[in-house]
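>>> with the sequence up front, the predicted model follows.
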Amino acid sequence: MPRFMADHMLGKTCKWMRIIGYDTLYPECKSDTEILDKCILDDRILLTRDYEFYKRYDKSIFLDSPDFKLQLKQIAKQFPPDRKLFFSRCPLCNNLLDEVDSRLMGPEFKDVMSRFSRVKYCTHCHKYYWNGSHYDKILTEIHAVLEG
């Protein structure tokens, strides 16, 4: 599976790519040159809406539309997602999520613990994720984007 770097204009797209399971970084660096250096170092495909930036790197994809859904569709056509990887990455930091016992969540999550024995956990952000009502809404949205 390819690895990506979304430029500064693609924050929402980056988050959704992570939800779909794509390894996608969002730049912490300031300049385009730093972003390109990171792409080269990590062998990442650059995603950008900036045509001049796109032309500077052979392994880049120019995203035609300003609409994140159409951007995701464009990426998925070229790099079909692995449905087994949906919800496998932290949407905030890109870290792979671990499946853990929900009892590790703490007392403020009693309702979640009563409904789910296993949840996903980001060891970097220390956030928990579970298949609540939001899960079904997100999955419906993913299918609408990828299949619509």
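Cool, the structure landed.

>>> could you list the domains of the protein?
As recorded under automatic domain parsing, the domains making up the chain are 3-81, 98-147.

>>> how far does the last one sit from its chain's centre?
It stands for domain 98-147. Counting by C-alpha atoms, centre = their mean, to the nearest Å, domain 98-147 is centred 15 Å from the centre of its parent chain.

>>> all strands for this structure, in order.
In the chain, the strands defined using DSSP state E lie at 3-6, 23-25, 45-48, 60-62, 98-101, 118-121, 128-129.

>>> possible to save those as TSV with mean neighbour count?
Heads up, the C-betas are built off the backbone N, CA and C, glycines and all. Formatted as TSV, these follow (neighbours: other C-beta atoms under 10 Å):
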stretch	mean neighbour count
strand 3-6	23
strand 23-25	21
strand 45-48	23
strand 60-62	17
strand 98-101	12
strand 118-121	19
strand 128-129	18
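
>>> tabulate those strands (a markdown table), appending distance to R83 and mean pLDDT.
Shown next, in a markdown table, are those (distance: least, C-beta to C-beta, whole Å; pLDDT from 0 to 100):
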| stretch | distance to R83 | mean pLDDT |
| --- | --- | --- |
| strand 3-6 | 18 | 98 |
| strand 23-25 | 16 | 98 |
| strand 45-48 | 20 | 98 |
| strand 60-62 | 21 | 98 |
| strand 98-101 | 17 | 97 |
| strand 118-121 | 16 | 97 |
| strand 128-129 | 17 | 96 |
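
>>> for M17, which of those is the nearest?
M17 lies closest, by C-beta to C-beta, to one member of these: strand 23-25, at 4.2 Å.

>>> which strands and helices lie in contact with that closest one?
On a contact count with 3 or more C-beta pairs under 8 Å, 6 or more residues apart in numbering; DSSP states H and E, strand 23-25 meets strand 3-6, helix 11-20.
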